[in-house]
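A.B. asks: Got a predicted model here, sequence first, then my questions.
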2 protein chains.
Amino acid sequence: MAFLGYTNDDLPNWVKKTEQFPVILYILKWVLIGTLVGGLTGIGSALFLKGLSWATDWRQMHLWIIFLLPIGGFLIGASYYYFGQDVVKGNNQLLDEITRPKKIIPLKMAPLVTIATIATHLFGGSAGREGTAVQMGGSIADQFTKIFKLDKYDRKILIITGIAAGFSSVFGTPLAGAIFGLEVYVIGRMRYEAIFPSFFTAIVANYATHTLGHEIGIHHTVYDIPIIPDMTLTNLALCVIAGIAFGLTGMLFSKANHFWGNLFKSKIKYAPFRPMIGGVVLALGIVAINYNHGLDYSSYDMKYFGLGVPTIVESFSTQMNWYDFLVKTLTTSFTLGAGFKGGEVTPLFYIGSTLGSYLSTYISLPVALLAGMGFVGVFSGATNTPMACTMMGIELFGAPAAVFIAVSCITAYMFSGHTSIYTSQIVGSPKH
Amino acid sequence: MAFLGYTNDDLPNWVKKTEQFPVILYILKWVLIGTLVGGLTGIGSALFLKGLSWATDWRQMHLWIIFLLPIGGFLIGASYYYFGQDVVKGNNQLLDEITRPKKIIPLKMAPLVTIATIATHLFGGSAGREGTAVQMGGSIADQFTKIFKLDKYDRKILIITGIAAGFSSVFGTPLAGAIFGLEVYVIGRMRYEAIFPSFFTAIVANYATHTLGHEIGIHHTVYDIPIIPDMTLTNLALCVIAGIAFGLTGMLFSKANHFWGNLFKSKIKYAPFRPMIGGVVLALGIVAINYNHGLDYSSYDMKYFGLGVPTIVESFSTQMNWYDFLVKTLTTSFTLGAGFKGGEVTPLFYIGSTLGSYLSTYISLPVALLAGMGFVGVFSGATNTPMACTMMGIELFGAPAAVFIAVSCITAYMFSGHTSIYTSQIVGSPKH
């Protein structure tokens, strides 16, 4: 463990003999780095969320912009083609650098993905935001590898802290962010080498976003599950059944993502044309969905595009349509497969909460509880991070829902197969 | 994966090709086994808690019984010496069977440890209850190895479900119990092979204890942290500092435990004499602590003996003495080291909550919050299970305290060294 030129070998013998002394150095080091990574990522997340909020509002006021989706797509594609070939792998690149380290992640990953994501949302693509925040956190973090001359072992921890910071701050869920960082790069395992740095950095990042967000008018959405029944054996069985549905849906989302990505890559050689042609199809799709409005775009319903937060909130109180989760799966996997930018997680929340909400027809649990279980359950299936998703459910919906959330997230994880939205995840322990 | 004579090879090809079919079989298998293990362990825990409650009440009404501590000690020692040589390793035996399987755990572990623990509390020893419940769960679970002809791989999962069921039901914290089962046998790692079985069984066990407990007048203690401040950078630093104190205390407890255990083993060859002589010392200790009452035993203060739940509750509202955690460390490590039976966890709660409560002199956080952080923090340090302890804090104190709890549990884990109250824990990933 080398840090700022010092190693433990430089310590006097009596210090080295005490088991806690290297730990104190380790803690001081990661408190310092975690404060820097968390602070910068948290500030970045707050600004990103502000930009996203602006883009969403502006689009809703000027819906004609959806007809420019092909141009927006081309600009995003061209930016990455000409300036971002070495950061285009995004989240997978971060996971690769944790498990198979090659080279420092360029800092330009952060501005490129931030601007491209805001553009995606401005023009009306369907995407999320965790990918953006995670890439921002990971690329900011990796810059400290050089500054602090960190070795391979510490660099792995560093990238994990960046992922944790991004996830934590963009959703306002520090503990889920920390666990996500520890859990996401290997399926079926969690190792604690980075446990303190990950939690510490995630909490600092969340604090930074919260504090700056308060100044610039950004706050996280609050979800409410007003009624939570007792966990009886019947309800336990219902949670398992709902979890199976969430897991299969998570797998469907991953497969749809890969399908569109592969299709675009195999059919269109010149990368900037992929989101351009994708933009044409998306714009036509928006018009088709709103066929009853003709070309009166100002009254178009955009519920399957953008982040979709209002629909997520609605699904906690109103039973949603059976097809909502499927349409959102299609629009998001197509948007991202075509080469637009953004995360997958908020769409996964949308898919899960609308599916859970719909399932209240058949499963006798409160609609808000099922929406909440789906919210994190489908995400758990698509990303293979059941503990992070359980913790996120607790942070968003409170401890009383925890057992319901845990069972549906873990069952979803079991049933989503070994595919994932992150192709660079490696299988540590097979699921069966 | 063989079960009831069937293996996956018996399935038709089209079924085998679908990734989810083996999972369905896996889930059905563990729903069945988990219901049995969880149900039986949960019933056992409820009866054990009833017995413990009876023993505690009876002792407080008839405090002359403390003078019989040597006789109680001899009886406990003799029971294990003559009937329980093959189950005397207790919790460590369970952990050994997970990581280095040798032979089925005899079912008699359950009644022996239950009766010996109730006797320990009846005569006035200082001990806990999780060890008892975990041994009950583990030994009940392992009986199904033969019944269902489980292979080595499944047997490991089975023992984990038993540990999870015992922990979950004795404290009323199903998610913490499930994670404890996954986390306790290896330091620094959590693997998900048993994730579904562990959570499912833990929830069933908690349900069984809760339901039966309601009938027989047993309920879990409720702790309250009324005021929780914002997580600022200052408070984050305070949590780290408190966590260091909790971790060092956890290590002290582990070392004290091993010290007394080794001393008794090396000095007294005939095992039943160990708790007998220990009982003499404990009885004299109780008299000495109460020197101001002379031999008027009916007014003796027993706050450092038994489970100590009233003191734990008190530490959430009143600042405790600086020495409370040290005296409890001494009485408990001596009681268990001498060969009395019971768990370590409730004493660890006591030690942590009184220490946290006392630290409110120096650390500007609310006394109840510090007591709660210590409650799970010292436990985290002594057992190296930071995620289970964090989840336990959430289940007992609610989600708003979660970030404070997490930081103190993880810091305590970092600072407790690689010793543990469980000598059979193996080091998966070193802490530094």
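C.D. replies: All right, it came through fine. Residues are numbered from 1 along each chain as shown, chains lettered A, B, ... in the order given.
A.B. asks: any idea of the pLDDT on residue A:341?
C.D. replies: At residue A:341, the model reports a pLDDT of 92.
A.B. asks: that's a strand at it, yeah?
C.D. replies: No - judged by DSSP: H, G, I helix; E, B strand; the rest coil, residue A:341 forms no part of a strand; its state is coil.
A.B. asks: residues in contact with the residue lying closest to it once chain neighbours are set aside?
C.D. replies: Leaving aside its chain neighbours, residue A:341 sits nearest to residue A:116 (3.6 Å; criterion: CB to CB, 6 or more residues apart in numbering or on different chains). For glycine as for every other residue, the C-beta is placed from the backbone atoms N, C-alpha and C. The contact partners of residue A:116, taken as CB atoms under 8 Å, 6 or more residues apart in numbering or on different chains, are A:76, A:79-80, A:340-342.
A.B. asks: Would you tell me what the next helix or strand after the helix or strand of chain A with the lowest mean pLDDT is?
C.D. replies: Lowest on mean pLDDT, DSSP states H and E among the helices and strands of chain A sits helix A:13-17, with a mean of 68. Following helix A:13-17 in sequence order, the next helix or strand is helix A:20-61 (DSSP states H and E).
A.B. asks: That next one and chain B in contact?
C.D. replies: Yes - between helix A:20-61 and chain B, judged by CB under 8 Å from any CB of the partner chain, the touching residues are A:20, A:22-23, A:26-27, A:31, A:35.
A.B. asks: Against which helices or strands is the one helix or strand residue A:235 maps to packed?
C.D. replies: Here residue A:235 sits within helix A:233-267, counting by DSSP H and E. Helices and strands touching helix A:233-267, by 3 or more CB pairs under 8 Å, 6 or more residues apart in numbering or on different chains; DSSP states H and E, are helix A:273-289, helix A:324-338, helix A:345-359, helix A:367-383, helix A:402-415, helix B:20-61, helix B:195-216.
A.B. asks: helices or strands up against the first one?
C.D. replies: Helix A:273-289 is packed against helix A:69-83, helix A:233-267, helix A:324-338, with contacts defined by 3+ CB pairs under 8 Å, 6+ apart.
A.B. asks: Taking helix B:20-61 as reference, get the angle to the second one.
C.D. replies: Counting by axes from the mean of the first three to the mean of the last three CA atoms, to 10 degrees, helix A:233-267 points 140 degrees away from the direction of helix B:20-61.
A.B. asks: now helix A:233-267: mean pLDDT?
C.D. replies: Helix A:233-267 carries an average pLDDT of 96.
A.B. asks: How much space separates the most centrally placed residue in chain A from residue A:222?
C.D. replies: By CA atoms, centre = their mean, chain A has its centre lying nearest to residue A:130, at 3.1 Å. Going from residue A:130 to residue A:222 by CB to CB, to the nearest Å gives 18 Å.
A.B. asks: Also residue A:205?
C.D. replies: 20 Å.
A.B. asks: More neighbours: which of the two?
C.D. replies: Legend: neighbour count by other CB atoms under 10 Å in any protein chain shown for residue A:205 and residue A:222, higher for residue A:205 (36 against 9).
A.B. asks: tell me the contacts of the more buried one?
C.D. replies: Per CB under 8 Å, 6+ apart, neighbours of residue A:205: A:37-39, A:41-42, A:45, A:137, A:164-166, A:168-169, A:174, A:177.
A.B. asks: next one: residue A:354
C.D. replies: A:311-312, A:315, A:320-321, A:324-325, A:328, A:371, A:374.
A.B. asks: List, out of the residues you listed, those positioned next to chain B.
C.D. replies: Of these, not one also sits near chain B (CB under 8 Å from any CB).
A.B. asks: Any chance of JSON lines for these, columns neighbour count and pLDDT?
C.D. replies: Listed next are these as JSON lines, based on neighbours: other CB atoms under 10 Å in any protein chain shown; pLDDT from 0 to 100:
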{"residue": "A:311", "neighbour count": "21", "pLDDT": "96"}
{"residue": "A:312", "neighbour count": "23", "pLDDT": "96"}
{"residue": "A:315", "neighbour count": "31", "pLDDT": "96"}
{"residue": "A:320", "neighbour count": "24", "pLDDT": "96"}
{"residue": "A:321", "neighbour count": "11", "pLDDT": "95"}
{"residue": "A:324", "neighbour count": "22", "pLDDT": "96"}
{"residue": "A:325", "neighbour count": "30", "pLDDT": "97"}
{"residue": "A:328", "neighbour count": "25", "pLDDT": "96"}
{"residue": "A:371", "neighbour count": "31", "pLDDT": "97"}
{"residue": "A:374", "neighbour count": "32", "pLDDT": "98"}
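A.B. asks: Among those residues, find me the one that's closest to residue B:421.
C.D. replies: residue A:374 (40.1 Å; CB to CB).
A.B. asks: Ignoring the adjacent residues along the chain, who's closest to residue A:38?
C.D. replies: Per CB to CB, 6+ apart, closest to residue A:38 is residue A:204, 2.9 Å.
A.B. asks: how about the CA coordinates for stretch A:188-200, as CSV?
C.D. replies: Output of stretch A:188-200 as CSV, limited to C-alpha atoms (Å, rounded to 0.1, in the frame of the first residue of the first chain):
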residue,chain,number,x,y,z
GLY,A,188,-22.8,-13.4,-7.1
ARG,A,189,-20.1,-12.0,-4.8
MET,A,190,-19.3,-9.0,-2.7
ARG,A,191,-15.8,-8.4,-1.4
TYR,A,192,-15.0,-5.9,1.3
GLU,A,193,-11.6,-4.6,0.2
ALA,A,194,-13.3,-1.3,-0.7
ILE,A,195,-16.0,-1.3,1.9
PHE,A,196,-14.9,1.7,3.9
PRO,A,197,-13.8,3.8,0.9
SER,A,198,-17.0,3.0,-1.0
PHE,A,199,-19.4,3.9,1.9
PHE,A,200,-17.4,7.0,2.9
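A.B. asks: which SS class is the nearest residue to residue A:36 once chain neighbours are set aside?
C.D. replies: In this structure, residue A:36 finds its nearest non-sequential neighbour in residue A:144, 6.7 Å apart by CB to CB, 6+ apart. Classification of residue A:144 using three-state DSSP returns helix.
A.B. asks: Report whether the expected contact of residue A:144 with residue A:157 is present.
C.D. replies: No - if you go by CB atoms under 8 Å, residue A:144 and residue A:157 don't touch, sitting 10.9 Å apart.
A.B. asks: Give me the angle between the helix holding residue A:235 and helix A:324-338.
C.D. replies: Going by the same axes, to 10 degrees, helix A:233-267 makes 30 degrees with helix A:324-338.
A.B. asks: neighbours around residue A:129, how many?
C.D. replies: So residue A:129, with other CB under 10 Å, has 25 neighbours.
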